[in-house]
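Chemist: this one's structure only:
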Ligand SMILES: O=C(CO)[C@@H](O)[C@H](O)COP(=O)(O)O
Ligand SMILES: [Fe+2]
């Protein structure tokens, strides 16, 4: 899979014009569509679930990247895969049986990612890194778009890269939260493969142009 991928987050899209925004992304250089699912329990916010996923499935022509910010994600992962998810990422902090949940996602035909909150150390992944397709590093505390990027993420990217290399893993590194035109280049240089961008894309004058610029 090629690196320097951009995954615009639909959380910052115009929900009254969701189909229009998905079509805009289809016609842009966006590589993935990032779908943030929040349950009001794992994070202090509620976003959307299956009805919105249905709209995404009907219109998206891009790889669909689902970020589950929910408790007991193992209960819902399969339904998100049936609804069109190509990749399902679950939080380390939300999984009692992470190994089982990763295997379940892969058995149901999707790629599986593990997500770390800003305060969770990378070393917690030592015994799961060989199994996952992607590590998603949160660079803000999950729950909301438009927050300030946490600088400690650069250190965590380097640690994740080392962990991946020392385990002969092919996992991608994705960074999510506060990504913008000022930090995207440095994040790719540090070793990120995929950058999620919500506010930076959707609050810009030209989302298509911003997506192009985020790759430079
Ligand atoms: O998972 C989350 C937030 O919890 C993200 O995917 C945000 O939606 C990214 O938004 P920006 O920080 O880029 O505005
Ligand atoms: Fe996200």
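Modeler: Received it, and whenever you're ready, just let me know what you need. Given the structure is predicted, the values throughout are model-derived calculations rather than measurements. Ligands and ions are numbered 1, 2, ... in the order given.

Chemist: what about residue 99, how many neighbours?
Modeler: By other Cβ atoms under 10 Å, the residues close to residue 99 number 12. Using the backbone N, CA and C atoms, a C-beta is placed for each residue, glycine as well.

Chemist: low-confidence ranges in the protein?
Modeler: 1-2 (pLDDT under 70).

Chemist: show me what from it comes close to ligand 2.
Modeler: 36, 67, 176 (Cβ under 5 Å from the ion).

Chemist: now with 6 Å?
Modeler: 9, 34, 36, 67, 176, 196 (Cβ under 6 Å from the ion).

Chemist: report the contact partners of the third one.
Modeler: Counting by Cβ atoms under 8 Å, 6 or more residues apart in numbering, residue 36 makes contact with 9-11, 47, 67, 69, 145, 198.

Chemist: now render these as TSV, adding secondary structure.
Modeler: Putting the contacts of residue 36 into TSV (DSSP: H, G, I helix; E, B strand; the rest coil) gives the following:
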residue	secondary structure
9	strand
10	helix
11	helix
47	coil
67	strand
69	strand
145	coil
198	coil
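
Chemist: which ones, among those, also lie beside ligand 1?
Modeler: Among the contacts of residue 36, the ones lying near ligand 1 by Cβ under 6 Å from any ligand atom are 9, 11, 67, 69, 145, 198.

Chemist: ok, back up a step: quick check: of the contacts of residue 36, which lies closest to residue 59?
Modeler: residue 10 (11.0 Å; Cβ to Cβ).

Chemist: how about stretch 65-84: buried residues?
Modeler: Neighbour counts over stretch 65-84 (16 or more other Cβ atoms under 10 Å) mark 65-74, 76-78, 80-81, 83-84 as buried.

Chemist: narrow these to those in strands?
Modeler: Within the buried residues of stretch 65-84, residues falling in strands by DSSP state E are 65-69.

Chemist: quick one: residue 48 and residue 39 touch, right?
Modeler: No: with contact defined as Cβ atoms under 8 Å, residue 48 does not reach residue 39; the gap is 10.6 Å.

Chemist: of all the ones next to ligand 1 among the contacts of residue 36, which two lie farthest apart?
Modeler: Pairwise distances across the ones next to ligand 1 among the contacts of residue 36 peak at 13.4 Å for 69 and 198 (criterion: Cβ to Cβ).

Chemist: residue contacts, residue 18?
Modeler: So residue 18 contacts 10, 52, 55 (Cβ under 8 Å, 6+ apart).

Chemist: let me fix that: residue 196
Modeler: 7-9, 34, 65, 67, 174-177, 179.

Chemist: the protein against ligand 1: which residues are in contact?
Modeler: 9, 11-12, 34, 36, 67, 69, 140, 142-147, 176-179, 196-200.

Chemist: please check these and keep the buried ones.
Modeler: 9, 11-12, 34, 36, 67, 69, 140, 142-145, 176-179, 196-200.

Chemist: out of those, which are inside helices?
Modeler: Of these, the ones assigned to helices by DSSP state H are 199-200.
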